[in-house]
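Trainee: structure here, sequence nowhere to be found:
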């Protein structure tokens, strides 16, 4: 039965909605409507009639929709189901979707989206997996040609429509677009790194720096420093952290070294302190104030202002200390010579100086000697097996022949290395102060053992007599 009395409407606001109460009589069934503030959705609470009131009818529903100009997205099936349930069960049916509009779709303008693969490895670690936090770094290191961002095409916006049939204009989305900065290049739809280096983002601009500057200490906050370009460290380096640079390294404080590699120069404003097993490799020149308890390999010149203590140094150039610099308890291989303030001391570990020999060739010689020893052992073992009459000799003889051929090749290579070992006979060792007794001076494998203190002495090789001579200067 339809209700044909005059409609009474009341409304009030609650949060982001407007609620309409429409009925004809206090005892009649009624629907309380709730509109979303943007008119994109309307919901209804169905209340049954009481005593002799009229039930909710179809005319009532249509009048209700007309009264509030609800013309779009009407959910007739849901309304009919709620109406029937309210009447049959004579109980309220709450929060019924009466109508819903279509929300507008934002327009997304063309923009550069940063490569989400850049940054840190956020993959979850296995619960029992060992994690070395020194391998984690806050810096993003990229390689030349690596994509930094991708150009995302414009996505047109679509207008929406609310339950009143009104058009709802789409909005233009605000996107976090990045821009091309220094040392980047655009190739088709990609922004790429033009060089190896550190990726930095300042006010949305992506740039690649060919240097890495660490203003604070190197520790668990920074992780190991591994960088393809130049590195500038302004703070101290904690024990156990590695420093690797594909360019130069400049350290403004004392360097507590564990493992360091510089493809070019290494400059340490303080000194270099190791813990016995510390290894430093330098592809260029090395300059520092002092060195203690390290092993250093340097392709070019080594300059140390003060002392070198309990350290092994290899250089294919020269080593030089300051006027007061002394080499104590150390072993130095300097191909082209050495200049020092003093060598050795009266007590303690002896100081050994080797010049005129390329340490790289010396290492190569040691490696081939090791191979030769291994081959000799295997050949001896095979020959012993061949003396056993019960052994199949065919396979053993073939293996023996291969080993003997390999041994011959190794001996030939070793002979070539030995022929070039004395690579710089003009190497000179100059000591401005004292050379202490117990010091060994060796030039091109010709040695002199110092037995008494020497002052202001130059050591050089007498090529004719094949001996080390000393000169005062």
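Mentor: Right, received. Where do you want to start? Since the structure is predicted, the reported quantities are computational estimates derived from the model, not experimental observations. Numbering: from 1, shown residues only.

Trainee: what about stretch 246-258, how long is it end to end?
Mentor: This stretch, stretch 246-258, spans 18 Å end to end (CA to CA, to the nearest Å).

Trainee: what packs against whatever helix or strand residue 379 lives in?
Mentor: Element membership for residue 379, per DSSP states H and E: helix 359-386. Helix 359-386 is packed against helix 393-419, with contacts defined by 3 or more CB pairs under 8 Å, 6 or more residues apart in numbering; DSSP states H and E. Every residue, glycine included, has its C-beta placed from N, CA and C.

Trainee: what packs against the helix it packs on?
Mentor: Helix 393-419 packs on helix 359-386, going by 3+ CB pairs under 8 Å, 6+ apart.

Trainee: average pLDDT for the helix it packs on?
Mentor: Taken as a whole, helix 359-386 carries a mean pLDDT of 85.

Trainee: what bridges to residue 327?
Mentor: residue 308, residue 343 (DSSP bridges).

Trainee: ignore what I typed, I meant residue 207.
Mentor: With DSSP bridges as the rule, residue 207 is bridged to residue 200.

Trainee: and the nearest residue to residue 91 once chain neighbours are set aside, how many neighbours?
Mentor: The shortest distance from residue 91 to any non-neighbouring residue, by CB to CB, 6 or more residues apart in numbering, is to residue 48 (6.4 Å). By other CB atoms under 10 Å, 19 other residues sit near residue 48.

Trainee: and residue 48, what's its pLDDT?
Mentor: For residue 48, the predicted pLDDT is 95.

Trainee: residue 51 now?
Mentor: On pLDDT, residue 51 comes in at 85.

Trainee: that one: what's it in contact with?
Mentor: Residue 51 makes contact with residue 27, according to CB atoms under 8 Å, 6 or more residues apart in numbering.

Trainee: for it, grab phi and psi.
Mentor: phi 50, psi -110 (degrees, to the nearest 10).

Trainee: same thing with residue 205?
Mentor: Dihedral angles (degrees, to the nearest 10) for residue 205: phi -100, psi 130.

Trainee: correct me if wrong: it contacts residue 183.
Mentor: No. Applying CB atoms under 8 Å, one finds residue 205 not in contact with residue 183, separated by 11.5 Å.

Trainee: more neighbours: which of the two?
Mentor: Comparing residue 205 with residue 183 by other CB under 10 Å, the one with more neighbours is residue 183, at 18 against 13.

Trainee: wait, residue 303 touches residue 287, no?
Mentor: Yes. Assessed by CB under 8 Å, residue 303 is found in contact with residue 287 at 4.7 Å.

Trainee: if I look at the nearest residue to residue 239 once chain neighbours are set aside, how far off is residue 462?
Mentor: Leaving aside its sequence neighbours, residue 239 sits nearest to residue 256 (CB to CB, 6+ apart; 5.7 Å). Remark: distance between residue 256 and residue 462 (CB to CB, to the nearest Å) = 43 Å.

Trainee: higher neighbour count, these two?
Mentor: Higher neighbour count among residue 256 and residue 462: residue 256, with 19 against 11, using other CB under 10 Å.

Trainee: residue contacts, the more buried one?
Mentor: 236, 237, 238, 239, 273.

Trainee: any idea how far it lies from residue 346?
Mentor: 30 Å.

Trainee: residue 173 too?
Mentor: From residue 173 over to residue 346 (counting by CB to CB), the distance is 80 Å.

Trainee: more neighbours: which of the two?
Mentor: residue 173 (13 against 9).

Trainee: wait, the more buried one sits on residue 107?
Mentor: Yes. Using CB under 8 Å, residue 173 is in contact with residue 107, at 6.6 Å.

Trainee: okay, and the common contacts of these two?
Mentor: Counting by CB under 8 Å, 6+ apart, residue 173 and residue 107 have no contacts in common.

Trainee: poorly predicted segments of this structure, please.
Mentor: Along the chain, the parts satisfying pLDDT under 70 run over 1-25, 119-137, 421-422.

Trainee: mind running it again at 80?
Mentor: Low-confidence segments of the chain (pLDDT under 80): 1-26, 119-138, 239, 275-277, 346-348, 359-363, 386-397, 417-423, 473.

Trainee: and residue 293, how far from residue 338?
Mentor: In terms of CB to CB, residue 293 sits 20 Å off from residue 338.

Trainee: okay, these two: which has more neighbours?
Mentor: Under the criterion of other CB under 10 Å, the comparison of residue 293 against residue 338 puts residue 338 first, with 27 against 18.

Trainee: partner strands of the helix or strand hosting the more buried one and their direction?
Mentor: Per DSSP H and E, residue 338 falls inside strand 337-340. With DSSP bridges as the test, strand 337-340 is paired with strand 319-321 (parallel), strand 428-435 (parallel).

Trainee: possible to save these as TSV with distance to residue 88 and mean neighbour count?
Mentor: Below are the strands paired with strand 337-340 laid out as TSV (distance: least, CB to CB, whole Å; neighbours: other CB atoms under 10 Å):
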stretch	distance to residue 88	mean neighbour count
strand 319-321	102	24
strand 428-435	111	21
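
Trainee: save those as CSV, and put in distance to residue 36 too.
Mentor: Shown next, in CSV, are the strands paired with strand 337-340 (distance: least, CB to CB, whole Å):
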stretch, distance to residue 36
strand 319-321, 81
strand 428-435, 90
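
Trainee: between those, which gets nearest to residue 377?
Mentor: strand 319-321 (38.1 Å; CB to CB).

Trainee: residues in contact with that closest one?
Mentor: With CB under 8 Å, 6+ apart, strand 319-321 has contacts from 301-308, 313, 327, 332, 334, 338-341.

Trainee: just the buried residues of these.
Mentor: 301-308, 313, 327, 332, 334, 338-341 (16 or more other CB atoms under 10 Å).

Trainee: now the lengthiest strand in the chain, how far from the centre of its chain.
Mentor: For the chain, the longest strand by residue count, based on DSSP state E, is strand 272-282. In terms of CA atoms, centre = their mean, to the nearest Å, the centre of strand 272-282 is set 23 Å apart from its chain centre.
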